[in-house]
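Participant: fold the following, please.
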Amino acid sequence: MAKQITCRRIYEETAPKDGKRVLVDRVWPRGMRKEDAHLDEWLRDVAPSSELRKWYNHEPSRFTEFRRRYLEELRDAGHREAAEHLRDLAAHDKLMLLTATKDVEHSQAAVLAEWLAKSR
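Facilitator: The predicted structure is shown next:
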């Protein structure tokens, strides 16, 4: 049975209720020291491709199309293994998806949280 899945910025304080903390960004967050991140995992390969990330450029008006393209990417060979691993984590643990973006609601972390919730 899937556990609770949430997402937030990596710069926010950690909490015992976070569960497994997984960074879902392709690049390391600016200004964040690795020892301060308190991560369980960094799944770069589940993040959107560099091309998709650059096209999206965190423009909310492009989010619907970004979401569609990103969900399609999750099925390709380059993302599949990481996506399945994340799905397995979500099935067994409480999961906190972390991202550096300022607009978490319009991020890959939000898309992943929704995708994982529907995958239950």
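
Participant: from now on I want contacts and neighbour counts done on CA atoms only, so please keep to that.
Facilitator: Will do.

Participant: wait, residue 83 sits on residue 74?
Facilitator: Yes. Proximity of residue 83 to residue 74 meets the contact threshold set by C-alpha atoms under 8 Å, at 6.4 Å.

Participant: between the two, what contacts are shared?
Facilitator: residue 46 (C-alpha atoms under 8 Å, 6 or more residues apart in numbering).

Participant: the chain: strands as residue ranges?
Facilitator: Secondary structure of the chain (DSSP state E): strands located at 5-9, 20-23, 41-42, 95-99.

Participant: centre of the chain to the helix of greatest length in the chain, how far?
Facilitator: Criterion DSSP state H: the longest helix present in the chain is helix 77-92. Remark: helix 77-92 is offset 11 Å from the chain centroid, using C-alpha atoms, centre = their mean, to the nearest Å.

Participant: and that helix, what does it pack onto?
Facilitator: Where contact means 3 or more C-alpha pairs under 8 Å, 6 or more residues apart in numbering; DSSP states H and E, helix 77-92 is not packed against any helix or strand.

Participant: quick check: buried residues in it?
Facilitator: 79, 82, 83, 86, 87, 89, 90, 91 (16 or more other C-alpha atoms under 10 Å).

Participant: how about these in TSV, adding distance to residue 112?
Facilitator: TSV is the format used below for the buried residues of helix 77-92 (distance: C-alpha to C-alpha, whole Å):
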residue	distance to residue 112
79	12
82	12
83	9
86	9
87	9
89	13
90	11
91	14
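
Participant: out of the residues you listed, which comes closest to residue 10?
Facilitator: residue 86 (17.3 Å; C-alpha to C-alpha).
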